[in-house]
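**Q** Turn this into a model:
(one chain, ligands or ions: 1)
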Amino acid sequence: RTARFTLDPAFTVARVNPRLFGSFVEHLGRCVYTGIFEPGHPTADEAGLRQDVLDLIRELGVTTIRYPGGNFVSGYKWEDSVGPVESRPRRLDLAWRSTETNRFGLSEYIAFLKKLGPQAEPMMAINLGTRGVAEALELQEYANHPSGTALSDLRVAHGDKDPFGIRLWCLGNEMDGPWQTGHKTAEEYGRLAAETARAMRQIDNGIELVACGSSTQSMPTFAEWEAKVLAETYDLVDYISLHAYYDPSATDADSFLASAVDMESFIENVVATCDHVGARLKSKKKINLSFDEWNVWYMSRTHDQVSVLDWPEAPRLLEDNYTVTDAVVLGSLLIALLRHADRVTVACLAQLVNVIAPITTEPGGPAWRQTTFFPFAQASKHGRGEVLDVRVDSPVYETEKYGEADLLHATAVRADDGTVTVFAVNRSRTEALPLEVALNGLDLTRVTEHSALSDADPDARNTLAEPDRVAPHPVDGTRVEDGRLTAVLEPLSWNVIRLA
Ligand code: AHR
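**A** Residues are numbered from 1 along each chain as shown. The predicted structure follows:
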């Protein structure tokens, strides 16, 4: 059976916020050390930043980059990470049983963003696990106040004359999780987040603040947590966070392919909870969603890896090597975010390099693209403009976890020049899926590109030995005729169809 939908510029979701294509750098494993930062590497610049990695990050098209954690932030002392490198302390990182050398810190993070280019924007998390209001204010003053106070002058003395201008701040990380250092109840966290937000706004009311939502939709406190936290913080914050990871080894293949069903319901449930609190408060304000950690993650392997560590520096941790199937699911998760671009206005692929990442490096060696690199890069490049409302009529399949799910998952984005890009996933592992799209009121006459990521081997990966094994390929036979797009989506495929 054929899958169908209609595109009509009269029916739109929202304009895509560029922040939807954010990512995340945590002090975890080799994300920073030997990932983005490796003094002595043949491509390293004078600051120790690997230029081969920077080039790949630019190609990936990431915008906002969240830092420095993650679970790491709940033990983070920002002042350890500034000033002369030789006097920075070595610290235990409780989250990842590692030793943090602080050779890369706040100033280096800002310099890294500047080198990436103007699209790269800071998103700084503050420690509300083991610290509180005072330390948040000190960090904000150090980072953002121009000069003339003890902490802003300290930044200048450290060599950063210009303030960092950090606008987007996360009020802690995953505070609902018992694994989090300084884990809190919703009441405790809600109060602390409100106090911190109020104080930070006394320095600068122009900042944007993200309150911690749930670590996954399956947390026992889910929804109640958001409601209680927002009851305290509704007028003080701009976003509530969502985190979701999908583990291929924890579920059957068909359910894994339908992971975006969970992501979309998570988003819709958080929107409902935010709006419920807003209605109770009789507020006109809407809270937006910051999906500031999302990805495929073979999570079941992580606990064993971390629990045996004896405080090494930059160990190999969470270095998942992604398959074609993983990339198709990641594409589907991107589709889910775009389909909710009216409320999801920040999203960060977790993470950027080596640690559950689209880019992998070898110390002293090359850097290469994982399979998941491609859907992200294509969505960031072509997913800019207005999301069109897509309601699919699709054949379905059975999944253990979600029951009946559509075989087709799709969205479409109309650029300012009138061209349209359709992003589509065929979740069938065995069958090609014919697609027909009615193009109403759109002046589109031709297909400029149909690219697909799929492979005869769904487990194919890019590795050090074979870094270019998997890449998108062109698809023939896709047409626009009489206002109708017709295509065939290969089994288990991520598709980008560009129309002009
Ligand atoms: O991204 C890896 C970890 O996942 C982060 O540190 C934490 O916030 C989440 O549990």
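
**Q** Helices along the stretch 51-200 of the chain, start to end?
**A** 51-60, 106-116, 133-144, 150-157, 186-203 (DSSP state H, counting those that start in this stretch).

**Q** Could I get the ones you listed in JSON lines, plus columns for mean neighbour count?
**A** Placement of C-beta: from N, CA and C, glycine included. Formatted as JSON lines, the helices of the stretch 51-200 of the chain follow (neighbours: other Cβ atoms under 10 Å):
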{"stretch": "helix 51-60", "mean neighbour count": "18"}
{"stretch": "helix 106-116", "mean neighbour count": "20"}
{"stretch": "helix 133-144", "mean neighbour count": "20"}
{"stretch": "helix 150-157", "mean neighbour count": "15"}
{"stretch": "helix 186-203", "mean neighbour count": "19"}
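
**Q** To the ligand, which of those helices lies closest?
**A** The ligand sits nearest to helix 186-203 of all the helices of the stretch 51-200 of the chain, at 14.6 Å, using Cβ to the nearest ligand atom.

**Q** What parts of this structure come near the ligand?
**A** 26, 69, 70, 71, 173, 174, 293, 350, 351 (Cβ under 6 Å from any ligand atom).

**Q** Hmm, the third one is touching residue 95, no?
**A** Yes - using Cβ atoms under 8 Å as the test, residue 70 is close enough to residue 95 to be in contact (7.2 Å).

**Q** Could you check which of the two has the larger neighbour count?
**A** Legend: neighbour count by other Cβ atoms under 10 Å for residue 70 and residue 95, higher for residue 70 (27 against 24).

**Q** As CSV, the residues of the chain next to the ligand with distance to residue 381 would be great.
**A** Converted to CSV, those look like this (distance: Cβ to Cβ, whole Å):
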residue, distance to residue 381
26, 25
69, 28
70, 27
71, 31
173, 30
174, 31
293, 23
350, 21
351, 21
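
**Q** Between those, which sits nearest the ligand?
**A** Using Cβ to the nearest ligand atom, residue 70 comes nearest to the ligand of the residues of the chain next to the ligand, at 2.9 Å.

**Q** So residue 435: helix, strand or coil?
**A** Of the three states, residue 435 takes strand according to DSSP: H, G, I helix; E, B strand; the rest coil.

**Q** Distance check, it against residue 374.
**A** Applying Cβ to Cβ, to the nearest Å, the value for residue 435 to residue 374 is 20 Å.

**Q** list residues touching both of residue 70 and residue 95?
**A** residue 28 (Cβ atoms under 8 Å, 6 or more residues apart in numbering).

**Q** Could you pull out the buried residues of stretch 294-309?
**A** 294, 295, 296, 297, 298, 299, 302, 305, 306 (16 or more other Cβ atoms under 10 Å).

**Q** Ok, stretch 114-133 next?
**A** Buried-residue list, stretch 114-133, by 16+ other Cβ under 10 Å: 115-116, 120-129, 131-133.

**Q** So which of those is the closest to residue 363?
**A** residue 115 (20.4 Å; Cβ to Cβ).

**Q** Run a quick check on the closest one versus residue 53, I expect a contact.
**A** No - with contacts defined as Cβ under 8 Å, residue 115 does not count as touching residue 53, sitting 10.7 Å away.

**Q** With respect to the ligand, which of the buried residues of stretch 114-133 is nearest?
**A** residue 125 (9.0 Å).

**Q** ok, residue 64 - contacts?
**A** 19, 21, 22, 23, 120, 121, 122, 123, 168, 346, 348.

**Q** what's the next secondary structure element after the longest helix along the chain?
**A** For the chain, the helix with the greatest residue count under DSSP state H is helix 259-280. Later in the chain than helix 259-280, the nearest helix or strand by DSSP states H and E is strand 288-296.

**Q** Just the CA coordinates for the following helix or strand past that next one, please, in PDB.
**A** The C-terminal neighbour of strand 288-296 among helices and strands, as given by DSSP H and E, is helix 302-307. Extracted in PDB, the C-alpha atoms of helix 302-307 (Å, rounded to 0.1, in the frame of the first residue of the first chain):
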ATOM      1  CA  THR A 302      27.300   2.200  30.400                       C
ATOM      2  CA  HIS A 303      26.800   1.300  34.000                       C
ATOM      3  CA  ASP A 304      29.200  -1.600  33.900                       C
ATOM      4  CA  GLN A 305      31.800   0.600  32.100                       C
ATOM      5  CA  VAL A 306      31.600   3.400  34.700                       C
ATOM      6  CA  SER A 307      31.400   1.400  37.900                       C
END
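
**Q** Averaged pLDDT, the helix or strand following helix 302-307. What do you get?
**A** Moving toward the C-terminus from helix 302-307, the next helix or strand (DSSP H and E) is helix 324-339. For helix 324-339, mean pLDDT rounds to 98.

**Q** Give me the helices and strands touching helix 324-339, please.
**A** helix 253-257, helix 259-280, strand 288-296, helix 373-382, strand 408-414, strand 420-426, strand 447-453, strand 493-499 (3 or more Cβ pairs under 8 Å, 6 or more residues apart in numbering; DSSP states H and E).

**Q** Below-threshold pLDDT in the stretch 1-150 of the chain: ranges please.
**A** For the stretch 1-150 of the chain, no stretch has pLDDT under 70.

**Q** any chance you could map the strands in it?
**A** Using DSSP state E, counting those that start in this stretch, the strands of the stretch 1-150 of the chain run over 3-7, 12-15, 22-24, 64-67, 91-93, 98-100, 121-126.

**Q** Mind listing what's buried along the longest helix of the chain?
**A** For helix 259-280, by 16+ other Cβ under 10 Å, it's 259-264, 266-267, 269-271, 273-274, 277-278.
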